[in-house]
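> Fold the following.
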Amino acid sequence: MQTFSIFGIIGITASSLLALSTYTAGSASAKPQPESRATTQACLGDFNTMLTCPAGAELDGTECRAVSKHWAKSTRQGPALFLRDPAERDSARVRVSFATNYKDHKKTGRTFRFDAEGRLESFSDLAADANHGIDVVCRPDGRVERVAYFNRGKVVGLSRTWNERDGALELAYQYDGQGQGRRVEVSAQLARRPDELCRPARCDVAAKPDLSGIPAGTAK
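Numbering: from 1, shown residues only. Predicted structure coming up:
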């Protein structure tokens, strides 16, 4: 199996990439830019470190794959990065589409998605390709838009959405174990917009799933 890492060749890290892109954007305009607390793909850390493959797997491009002598490409096993433009070699232009983790060729862990500017767009816990745990949608400025929970692909528990205008809670739905929902009123604590979810210090694709929102007795 051929191993090849563009990050090793051009010496790029997520933090240096975003530093370069931020510098370029700032130089292009003399107007002061509004403060943004959005998390960027820099939260992935050094790409070469992030793409550390588990035992029995090796790096193939930007994916860890199980070692195999089969003529076909082997299965994904471990962390993987998917780029918006895999052919891009300019460190200031490389953008991650999403970062994830695989077990036996199925997404298992936490998947982080980034927009075209490199800002965190959403993240989801998954098990064998199915949503299982927390699912968070982020606005470009780092505020939360929606928080929901899934149990093996079905939305369960409390799902909340906050409006963009003033950040107030817009909708709250309670879902049963079968994915059937009804609109509900929630406490002031639950109505608070948890922006910290969209501002993680580290985006860890191997993080344990957050199952706290799955109703007791329904988790599989």
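> So the residue nearest the centre of the chain versus residue 177, what's the distance?
For the chain, the residue nearest the mean C-alpha position is residue 112 (1.0 Å; CA atoms, centre = their mean). When distance is defined by CB to CB, to the nearest Å, residue 112 is 27 Å away from residue 177. To be clear about C-beta, it is placed using only N, CA and C from the backbone, and glycine gets the same treatment.
> circling back to that earlier point, who's the residue nearest to the centre of the chain bridged to?
In this structure, residue 112 bridges to residue 99, residue 123 when assessed by DSSP bridges.
> Let me know whether it touches residue 123 as I believe.
Yes. With contact defined as CB atoms under 8 Å, residue 112 and residue 123 form a contacting pair (4.7 Å).
> which neighbours do those two share?
residue 203 (CB atoms under 8 Å, 6 or more residues apart in numbering).
> What is the burial count for residue 137?
When neighbours are defined as other CB atoms under 10 Å, residue 137 has 17 of them.
> Show the average pLDDT along the helix or strand harbouring it.
Here residue 137, judged by DSSP states H and E, is contained in strand 130-138. Throughout strand 130-138, pLDDT has a mean value of 98.
> Give the pairing partners of it; include direction for each.
Strand 130-138 has the following sheet partners, assigned by DSSP bridges: strand 120-127 (antiparallel), strand 144-151 (antiparallel).
> now these as a markdown table including mean neighbour count?
Shown next, in a markdown table, are the strands paired with strand 130-138 (neighbours: other CB atoms under 10 Å):
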| stretch | mean neighbour count |
| --- | --- |
| strand 120-127 | 22 |
| strand 144-151 | 21 |
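> want to throw those strands into CSV with mean pLDDT and distance to residue 53?
Listed next are the strands paired with strand 130-138 as CSV, based on pLDDT from 0 to 100; distance: least, CB to CB, whole Å:
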stretch, mean pLDDT, distance to residue 53
strand 120-127, 98, 19
strand 144-151, 97, 28
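> so can I have CSV of those showing distance to residue 182?
Output for the strands paired with strand 130-138, formatted as CSV (distance: least, CB to CB, whole Å):
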stretch, distance to residue 182
strand 120-127, 23
strand 144-151, 15
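> and after the helix-or-strand element of the chain with minimal mean pLDDT, which helix or strand comes next?
The weakest-scoring helix or strand in the chain, judged by mean pLDDT, DSSP states H and E, is helix 14-27 (a mean of 37). Note on helix 14-27: by DSSP H and E, the next helix or strand toward the C-terminus is helix 47-50.
> Can you give the distance from that next one to the centre of its chain?
Helix 47-50 sits 15 Å away from the centroid of its parent chain (CA atoms, centre = their mean, to the nearest Å).
> what does stretch 78-92 give?
The answer for stretch 78-92 is 15 Å, by CA atoms, centre = their mean.
> Go through that stretch and flag the buried ones.
78, 79, 80, 81, 91, 92 (16 or more other CB atoms under 10 Å).
> Pick out the most distant pair among those residues.
78 and 92 (27.7 Å; CB to CB).
> Regarding stretch 87-99, how distant is the last residue from the first?
Using CA to CA, to the nearest Å, the end-to-end distance of stretch 87-99 comes to 17 Å.
> What's the mean pLDDT across it?
pLDDT averaged over stretch 87-99 gives 90.
> What of stretch 207-220?
85.
> Quick one: residues in contact with that stretch.
Contact with stretch 207-220 is made by 109-110, 125, 127, 132-134, 147-149, 151-152, 156-158, 176-177, as judged by CB under 8 Å, 6+ apart.
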